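Novice: The sequence isn't on hand, but the structure is:
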């Protein structure tokens, strides 16, 4: 018998009410704020989303050219460019740079790509003191947790839990006042910036023509880490490149509004290389590590549009499944609708398509994700394509996937068989109940919903009985 | 999503498999509404299903078999009118996705260009914005997800709000799915139930006299939950409201 129970569904069922409420409430508010700012500030946000999607798609289709241009531009600015085929290579490059600089301490601003390659645990294993400087990510770090949202890493936690963590780690006295909690974290982190040798960031965008990276934060931590350290290392996915400086405003207008309903994030930095001669402060060296980690394969796949993603999180905020299940249910660093497509395609350490092939099924295909996507990714279509791939691959492995549609397809492509099914009448009233009862997970379907009564073929009978009925 | 452009009053009616099996009353109301409009209606008797269940389950070979059959049944140049936003989305988008790079793509797109959901056909195809007759009651209209990127929901709003005696009430979080999603509701029964419960709460919170839907699939789901919870608000497909208004002229 095919296994019907899905781990995401079980996770959602067992989620504690406190977390469940926190996730749903925050997601709903962000969804509303996104809508309000976009439509208050622009006449036709949908036209912007479509244009932004087209520019990104164009960039992806010419990616080798734009990456080569970006590399040349960075080098012209005095930055070093590295290429990493996977997470292990990227991590090794970071460690190598640190050893050459005799560096032992690193401060890092928020970056999903470093989560993807599990950089911090790797560095800690090699004796490096690595600190997350984004408040949410820092709490994730001290809790030994994982972010459950790409923009709001601790969307699943409340202030009481944060206060308990700070108390446990001896960072500060227990307080539930968010401002005081922030002050405590700030006092602690300020010291860490000043001690660190290396500042590490991701990049929201890479501008190919000027060789600059763009980083947006609300806490100013990326900026601070660069002011205090001698070496700046950037790890960035190869898909983050956009062609020109003048393309940036379109994305900046969409990113903050889509992510948090902010017209602009608090801090926006454009960084093109290490400090110049005569400049008093700033890193002496800048390294940009371009990461593949499965992206080339994704680019060659039937789901290449997913690489347009600018990581705003709007799709997870609006997704009814994410809202109920929360990010950890997806078992991969990128959750929600974008993650359900991206995570199975990337070379994640716990990943691979087989391990995460259930993710694309975790959607009612409602289409809300595409409607809010700032780069108009057809996420429902991509989910469908991955479901088709999943079926093919499990068939090739001889594995059981889910109940097949073979018999149904025979009936639904042969009218005589279809009508015979309809004529079975009463039997059809019993069959779905028997089928549903056979599956433990489906039993709960029946416990909360009544099935309609089968009345097969009645419309056809009515039509035929009508005087002058004109059925073909 | 292809928007239909081929209109006219000689039409083919797709009853949908759900109405074929469960909701004969809805197919009948839709048929009578089309008759009232003076349409010459053909109902291909070999029709079965649009193929969406298999496409969504990732069984694209099986889906293609059924889509091909549907295209054959509805061949010609007549508009195809469908009392379901979801089946209309399948013929106008899903089927095309399923046939990308295949030789059947031309026929699929051709059928898409003349496939209409019922309300959209009335408003955008025939240009009718005022519905005659009377229907007394406050109605909560569910926006089914597969009407996104179309003019289906707004067409239904246009028609319903033009009916004497009918008041549309506000429904919270219209962008949220009811949790049906075909096999999704069986494979993810807990998530689906939580989604359905929110939908039931939003649809009933302003205590409407009726709940209306453009899709019987959604209503089978949240309606099944309402029945289990003994929530007795009557539920009607939009076509049934249009028909009842006609009967009250």
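Specialist: Received the coordinates, thanks. The structure displayed is predicted, hence computed values, not measured ones. Numbering: from 1, shown residues only, chains lettered A, B, ... in the order given.

Novice: Walk me through the domains of chain B.
Specialist: With domains defined by automatic domain parsing, chain B comprises B:10-124, B:128-247.

Novice: which one of those domains lies closest to residue A:32?
Specialist: Residue A:32 sits nearest to domain B:128-247 of all the domains of chain B, at 9.5 Å, using C-beta to C-beta. In short, each C-beta sits where N, CA and C put it, glycine included.

Novice: Tell me if the closest one is near chain A.
Specialist: Yes. Interface with chain A: domain B:128-247 contributes B:145-146, B:148-149, B:173, B:175-177, B:179-196, B:198, B:220-221, B:223-225, B:227-228 (C-beta under 8 Å from any C-beta of the partner chain).

Novice: And that domain, end to end?
Specialist: In domain B:128-247, first residue to last residue: 18 Å (C-alpha to C-alpha, to the nearest Å).

Novice: cool, and stretch B:147-158?
Specialist: Note: stretch B:147-158 ends 15 Å apart using C-alpha to C-alpha.

Novice: Torsion angles phi and psi at residue B:56?
Specialist: phi -70, psi -30 (degrees, to the nearest 10).

Novice: That one contacts residue B:186, doesn't it?
Specialist: No. At 11.9 Å, residue B:56 does not count as touching residue B:186 under the criterion of C-beta atoms under 8 Å.

Novice: Any idea which residue is closest to the centre of chain B?
Specialist: Nearest to the geometric centre of chain B sits residue B:84, at 1.6 Å (C-alpha atoms, centre = their mean).

Novice: Make a PyMOL selection of the buried ones in the residues of domain B:128-247 next to chain A.
Specialist: Here is the PyMOL command that picks out the buried ones among the residues of domain B:128-247 next to chain A, judged by 16 or more other C-beta atoms under 10 Å in any protein chain shown:
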select buried, chain B and resi 145+146+148+173+175+176+177+179+180+181+182+183+184+185+186+187+188+189+190+191+192+193+194+195+196+198+220+221+223+224+225
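
Novice: Settle this for me: residue A:137 is touching residue A:107, isn't it.
Specialist: No. Contact status for residue A:137 versus residue A:107: not in contact, 11.3 Å apart, counting by C-beta under 8 Å.

Novice: the more surrounded of these two?
Specialist: Each of residue A:137 and residue A:107 has its neighbours counted (other C-beta atoms under 10 Å in any protein chain shown); residue A:107 has more, 27 against 23.

Novice: For the residue most central in space within chain A, give me the backbone phi and psi.
Specialist: With distances taken as C-alpha atoms, centre = their mean, residue A:334 lies nearest the centre of chain A, 3.6 Å away. Main-chain torsions, residue A:334, degrees, to the nearest 10: phi -100, psi 110.

Novice: for it, what are its contacts?
Specialist: A:112, A:116, A:150, A:342-343, A:346 (C-beta atoms under 8 Å, 6 or more residues apart in numbering or on different chains).

Novice: packing partners for the longest helix anywhere in chain B?
Specialist: In chain B, with assignment by DSSP state H, the single longest helix is helix B:189-204. Contacts defined by 3 or more C-beta pairs under 8 Å, 6 or more residues apart in numbering or on different chains; DSSP states H and E place helix B:189-204 against helix A:7-14, helix A:320-325, helix A:440-448, strand B:134-142, helix B:184-187, helix B:216-228.

Novice: from the middle of its chain, how far away would the fourth one be?
Specialist: Here strand B:134-142 shows a centroid-to-chain-centroid distance of 17 Å under the convention C-alpha atoms, centre = their mean, to the nearest Å.

Novice: ok, that strand: who's next to it in the sheet?
Specialist: Neighbouring strands of strand B:134-142 in its sheet, by DSSP bridges, are strand B:164-169 (parallel), strand B:210-213 (parallel).

Novice: Next, the buried residues of the shortest one.
Specialist: Spelled out, that is strand B:210-213. B:210-213.

Novice: Next: stretch A:282-301.
Specialist: Buried, per 16+ other C-beta under 10 Å, within stretch A:282-301: A:282-283, A:285-295, A:298-299, A:301.

Novice: Have a look at those and tell me the least confident one.
Specialist: The lowest pLDDT within the buried residues of stretch A:282-301 belongs to residue A:282, which sits at 86.

Novice: that's a strand at it, yeah?
Specialist: No. Residue A:282 sits outside any strand when classified using DSSP: H, G, I helix; E, B strand; the rest coil, being coil.

Novice: Hmm, it is touching residue A:274, no?
Specialist: Yes. At 6.7 Å, residue A:282 and residue A:274 qualify as touching, with contact defined as C-beta under 8 Å.

Novice: Remind me what the helix or strand of chain B with the lowest mean pLDDT packs against, helices and strands.
Specialist: Sorted by mean pLDDT, DSSP states H and E, the helices and strands of chain B end with helix B:184-187, the least confident at a mean of 90. Helix B:184-187 sits against helix A:440-448, helix B:189-204, with contacts defined as 3+ C-beta pairs under 8 Å, 6+ apart.
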